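[1] Model the following, please.
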Amino acid sequence: MTEATSEGQPILCIGVTPNVNRMLRVPGFRVNEVNRVKNVVLTPSGKATNAARVLHRLGAAHQLITLVGGPTGDRFVRAAEEEGLSCLAVRCRGETRIVQTLMDEAGGTATEIVEEMEAPEPDEWEEFEARIAEALPGASVMAVCGKLPPASAPEGYAGMAALARDRAVPWLIDSQGPPVFHVLRHGPLMVKMNEMELEWTVPGGRTTEDRAAQLLDGGARNVLITRGASPVFWVSDVGIKQVHVPGLIPVNPIGSGDSMVGGITCMLQQGKPLGDAIAYGVACGSANALTERPGDVSAEEVARLLPEVRID
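    Next up, the predicted model:
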């Protein structure tokens, strides 16, 4: 299966809930004690942002379209532009959130403390969708990334999904919960989530395969389920395939799923077969796990890991 896309047309990375990530590195975290931070790294982040960073690092044309608000939103935009990301920021009244990542050197762990973002107001959402509608005619692929803010209407993603369908732009979604079911009728090329998110999204299924099949029945053309270091499940109407991931010792696995989306869309932009795109995406996710900053992958590291990815 090959998607007819153009390498020169940008990939749209759609993010409703971006954040400024504060990565705090400590020599060894101790509960109920004073912990001295070794260093702090601030990075514009969120699922769509991390995917856009991967595309930028791979040299792929991209456009991050995201909602930002308040002083933290200003900081997000400045940092994204300084980094070289192509960012179209739509202003909202809610403050862009800050996410803390605690890197424990002694324990080798990465723990996230995630703020929630306010739901966009109707006029903000209308403006956001208008900017997506303007960008879609020149796009090769659209990736809708991230969970909707609490109190958002569950059909929040349906409008942009319908826009992509009507303009014949292949699109995928990396999200979870009821909003996913509201977009299935618009025929996503792929629905991606991890196994825990799948269990929450489709609680009625007995197995991972059963739950994924319900998403296919709803209209998804492919379902990709990540399972940490275990093989990824790729479910389609031709059956179930397992995508084996490279063996490695992770530095920071946060953002590996977002990096996978970046790699998949990069290959779809070039018109590669979907299987090749998924394999490349898995290599990107693995390369991400070897970096401190989400999405900060290199094409050389991805190329090194790619031969270790096997699809059965």
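[2] CA only for contacts and neighbour counts going forward, please
    OK.
[3] can you list contacts of the least confident helix or strand in the chain by mean pLDDT?
    Within the chain, confidence by mean pLDDT, DSSP states H and E is lowest for strand 109-114 among all helices and strands, at a mean of 90. Contact with strand 109-114 is made by 98-104, 252-254, as judged by Cα atoms under 8 Å, 6 or more residues apart in numbering.
[4] what's the offset of that strand from the middle of its chain?
    Distance of strand 109-114 from its chain centroid, counting by Cα atoms, centre = their mean, to the nearest Å, is 17 Å.
[5] how about the helix or strand following it: buried residues?
    With elements assigned by DSSP states H and E, the helix or strand that comes after strand 109-114 is helix 122-135. Across helix 122-135, burial judged by 16 or more other Cα atoms under 10 Å covers 124-125, 128-129, 132, 135.
[6] and what of stretch 202-221?
    With burial defined by 16+ other Cα under 10 Å, the residues of stretch 202-221 counted as buried are 202, 208-209, 211-216, 218-221.
[7] returning to what we had before: next step: the contacts of strand 109-114 restricted to helices.
    Applying DSSP state H to the contacts of strand 109-114, no entry is found in helices.
[8] Name the helix or strand for residue 56, please.
    Using DSSP H and E, residue 56 sits in helix 47-58.
[9] got it, and residue 25?
    Secondary structure assignment for residue 25, by DSSP H and E: strand 19-26.
[10] Can you give the contact residues for that strand?
    Under Cα under 8 Å, 6+ apart, the answer for strand 19-26 is 35-46, 72, 75-76, 96-105.
[11] From the chain's centroid, how far away is that strand?
    Distance of strand 19-26 from the chain centroid (Cα atoms, centre = their mean) equals 18 Å.
[12] Residue 94 belongs to a helix, doesn't it?
    No: secondary structure of residue 94 (DSSP: H, G, I helix; E, B strand; the rest coil): coil, not part of a helix.
[13] hmm, back to that, need the contacts of strand 109-114 in TSV with pLDDT and neighbour count, can you?
    Output for the contacts of strand 109-114, formatted as TSV (pLDDT from 0 to 100; neighbours: other Cα atoms under 10 Å):
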residue	pLDDT	neighbour count
98	96	22
99	95	22
100	94	18
101	91	21
102	92	19
103	88	24
104	90	18
252	86	20
253	89	21
254	88	21
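[14] Strands of the stretch 51-200 of the chain, start to end?
    In the stretch 51-200 of the chain, the strands defined using DSSP state E, counting those that start in this stretch lie at 62-68, 87-91, 97-104, 109-114, 141-145, 171-174, 190-194.
[15] Just the C-alphas of the third one, formatted as PDB.
    Put plainly, it is strand 97-104. Extracted in PDB, the C-alpha atoms of strand 97-104 (Å, rounded to 0.1, in the frame of the first residue of the first chain):
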ATOM      1  CA  ARG A  97       0.700  24.500  30.600                       C
ATOM      2  CA  ILE A  98       4.000  23.600  32.100                       C
ATOM      3  CA  VAL A  99       5.000  19.900  32.400                       C
ATOM      4  CA  GLN A 100       7.800  18.900  34.800                       C
ATOM      5  CA  THR A 101      10.000  15.900  34.000                       C
ATOM      6  CA  LEU A 102      12.000  14.600  36.900                       C
ATOM      7  CA  MET A 103      15.100  12.700  35.700                       C
ATOM      8  CA  ASP A 104      16.600  10.600  38.500                       C
END
